[in-house]
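S.K.: Here you go, sequence then predicted model.
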Amino acid sequence: MSAHGQCPDLLPCPFCGGKAEFKEDEQYGALYVGCVACDIHTVFYTDAGGAAEVWNERATSADVERLTRERDDLKRDHTALYAQSHIDAATVRVHAETALEAQRERDEAKAALSRIANCGNPADCDYCSKLMEDARRALDARE
């Protein structure tokens, strides 16, 4: 038992193995347990028993294994979500680029049709006939 009443003895620091002791915060009139070596400590408690209980609580091997599995699952899920977001962004870019390319092709076809319409005799003009055929094919393929 410790010097603070009926409290159990304090275990060494779980982080550095240093000696633990009860400390009092005079401003708040509260107790806490802290390591004298690394200065890690509990939150404030009104009684030494509560502070000692929290300080002495340790994770079991099963807890550590469970938490390690949960952490690894979260990492894997995060990695999968991160990869999926990059795939989604790339897909959006490809669709946007494809849409822009299709719009450019439509614009070129419409411009060719406009040139044909401005020709004095498109029906007898081999150039206009070829342009009209290509433009109509391009427009039909995209719509």
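M.R.: Great, that's in hand. Numbers count the residues shown, from 1 in each chain.
S.K.: And the helices in this structure?
M.R.: 48-56, 61-117, 126-142 (DSSP state H).
S.K.: elements contacting the second one?
M.R.: The helices and strands touching helix 61-117, judged by 3 or more Cβ pairs under 8 Å, 6 or more residues apart in numbering; DSSP states H and E, are helix 126-142. To be clear about C-beta, it is placed using only N, CA and C from the backbone, and glycine gets the same treatment.
S.K.: What is the helix it packs on packed up against?
M.R.: Helix 126-142 packs on helix 61-117, going by 3+ Cβ pairs under 8 Å, 6+ apart.
S.K.: Now do the helix it packs on, average pLDDT.
M.R.: Regarding helix 61-117, the rounded mean pLDDT is 80.
S.K.: now it and helix 126-142, what's the angle there?
M.R.: 150 degrees (axes from the mean of the first three to the mean of the last three Cα atoms, to 10 degrees).
S.K.: sorry, back to before: redo the helices of the chain as JSON lines? Include distance to residue 26 and mean neighbour count.
M.R.: Shown next, in JSON lines, are these (distance: least, Cβ to Cβ, whole Å; neighbours: other Cβ atoms under 10 Å):
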{"stretch": "helix 48-56", "distance to residue 26": "15", "mean neighbour count": "19"}
{"stretch": "helix 61-117", "distance to residue 26": "35", "mean neighbour count": "11"}
{"stretch": "helix 126-142", "distance to residue 26": "80", "mean neighbour count": "14"}
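S.K.: among those helices, which is nearest residue 20?
M.R.: helix 48-56 (6.1 Å; Cβ to Cβ).
S.K.: now that closest one, how far from the centre of its chain.
M.R.: Put simply, helix 48-56 sits 37 Å off its chain's centre (Cα atoms, centre = their mean, to the nearest Å).
S.K.: What of stretch 10-26?
M.R.: 37 Å.
S.K.: Over to stretch 28-46?
M.R.: 35 Å.
S.K.: re the thing from before, adding distance to residue 20, write the helices of the chain out as CSV.
M.R.: Shown next, in CSV, are these (distance: least, Cβ to Cβ, whole Å):
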stretch, distance to residue 20
helix 48-56, 6
helix 61-117, 21
helix 126-142, 75
